[in-house]
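Asks: Mind folding the following:
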Amino acid sequence: QVQLVESGGGLVQAGGSLRLSCAASGRTSSVYHMGWFRQAPGKERELVAAISWSGGSTYYADSVKGRSTISRDNAKNTVYLQMNSLKPEDTAVYYCAAARGWGFFKSANVAGMDYWGKGTLVTVSS
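Replies: Numbering: from 1, shown residues only. The predicted model follows:
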């Protein structure tokens, strides 16, 4: 079992920045690729960014490309999502997820995730 705990969400004005963190605990010795999903009210959960276990591969949704950076520190079992130039449409609950298959992230397959965090709310005011 792997437990994921997100932090760093909050209220920010449009144009501002936030850094989300996801701390993993439990059987973290296993190889997991990590990612961030988000879900806005009334919308489906969507993949925002993902990073392979080694950090050598990353993926970004078009909606955040150029504004966000995903990174990980395997020594600290933590994944980060730096979000800049935030827009009101970025408002959502952001979830951290872990999966053994990189292909699930490449295809944004929500059902393919092995573990989920409980989410952290990001609210961007206009």
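Asks: chain center to stretch 20-30, what's the gap?
Replies: 13 Å (CA atoms, centre = their mean, to the nearest Å).
Asks: which parts of that stretch are buried?
Replies: Buried positions in stretch 20-30, judged by neighbour count with 16 or more other CB atoms under 10 Å: Leu20, Ser21, Cys22, Ala23, Ala24. Any C-beta I mention is one placed from the backbone N, CA and C, and that applies to glycine too.
Asks: Strands - which of those residues land there?
Replies: Residues from the buried residues of stretch 20-30 lying in strands, with DSSP state E as the criterion: Leu20, Ser21, Cys22, Ala23, Ala24.
Asks: tell me which of the residues you listed is nearest to Ala49?
Replies: Nearest to Ala49, judged by CB to CB, of these is Leu20 at 10.0 Å.
Asks: Beta-bridge partners for that closest one, please?
Replies: Counting by DSSP bridges, Leu20 is bridged to Leu81.
Asks: Reformat the ones in strands among the buried residues of stretch 20-30 as CSV; add distance to Tyr60 and pLDDT.
Replies: Formatted as CSV, those follow (distance: CB to CB, whole Å; pLDDT from 0 to 100):
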residue, distance to Tyr60, pLDDT
Leu20, 14, 98
Ser21, 18, 98
Cys22, 16, 97
Ala23, 22, 96
Ala24, 21, 94
